[in-house]
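# Would you be able to build a 3D model of this:
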Amino acid sequence: MSNTDTVYLAYDYPVLGAFLTALWVFLWVLWVFLLFRIVVDIFRDDTMNGWVKTAWLVFVLVLPFLGVFVYVCVRGAGMGRREATHAKAQRAEFDDYVRKTAAGGGSGTSGGAADELAKLADMKNSGHLTEEEFQRAKQKILS
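Have a look, this model is predicted:
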C-alpha cells in the first residue's frame, strides 16, 4: 500500500457529520426510553382491562411511531397522574415499613406482641403487677 492510498477518516468525516450522528444516537435513545415508558404505563394503568391493554401494546409494538404518537395524544395527560399515584403508593408502603421496623414490630405484629409480653413479665417480676393484672394484660395483648 503506497502513501497515496492512505485514507484519513478525520478528513472524510466532517464535524457536522459527527454532530448529526450524535444527534441521531440521542434521538434513538430518547425513542427507546419513550417506548419503554409507554409500555410500562400501559401495564400500570388499572382503568384498562386486559383486552384494551393488549390492543394498545400490539398497536405500539407493531406500528411503533404511529402507536406512540396516538398513545401520547390520547392518554398522555394521564401518564403523569398515574406516575404520581404510583410514587405516592410506594412512598406510603415505605413509610409503613419504616414505622413497623422502628417500632420493633419487624415484618409483622408478632415481634411487637413479644416485646410487650417481655415488658409485662419484667413488670411482674419487679413487683409492679400482680398475677391477675399480668394475666389480664397478657390476654389483651394476645387477642
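
# Longest helix of this structure, counting residues only.
helix 64-102 (DSSP state H).

# Can you name every helix or strand that that one contacts?
helix 15-44, helix 50-62 (3 or more C-beta pairs under 8 Å, 6 or more residues apart in numbering; DSSP states H and E). Where you see a C-beta, it was placed from the backbone N, CA and C, and this is true even at glycine.

# What residues of the longest one count as buried?
Buried residues in helix 15-44, counted by 16 or more other C-beta atoms under 10 Å: 35, 38-39, 41-42.

# What's the first helix or strand after the longest helix of the chain?
helix 110-125 (DSSP states H and E).

# residues in contact with Arg82?
For Arg82, the contacting residues are 41, 44-45, by C-beta atoms under 8 Å, 6 or more residues apart in numbering.

# got those as CSV, with distance to Val52 and pLDDT columns?
Listed next are the contacts of Arg82 as CSV, based on distance: C-beta to C-beta, whole Å; pLDDT from 0 to 100:
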residue, distance to Val52, pLDDT
Asp41, 13, 91
Arg44, 13, 87
Asp45, 9, 86
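
# with the residues you listed in mind, which one is nearest to Asp95?
Arg44 (20.8 Å; C-beta to C-beta).

# Quick check: closest non-adjacent residue to that closest one.
Arg82 (5.7 Å; C-beta to C-beta, 6 or more residues apart in numbering).

# Quick check: the gap between the one you found and Gly76.
11 Å (C-beta to C-beta, to the nearest Å).

# domains for the chain, by residue range?
Domain segmentation of the chain under automatic domain parsing yields 3-102, 104-143.

# ranking these by mean pLDDT, which is last?
Lowest mean pLDDT within the domains of the chain: domain 104-143, at a mean of 78.

# Now that one: buried residues?
Buried, per 16+ other C-beta under 10 Å, within domain 104-143: 105, 116, 120, 124, 129, 134, 137-138, 141.

# Using CSV, please lay out those together with distance to Leu16.
What follows is these, written out as CSV (distance: C-beta to C-beta, whole Å):
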residue, distance to Leu16
Gly105, 64
Glu116, 74
Leu120, 80
Lys124, 85
Leu129, 86
Phe134, 85
Ala137, 81
Lys138, 82
Ile141, 76
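
# Quick check: of these, which lies closest to His86?
For those, the residue nearest His86 by C-beta to C-beta is Gly105; the value is 25.7 Å.

# All set now, cheers.
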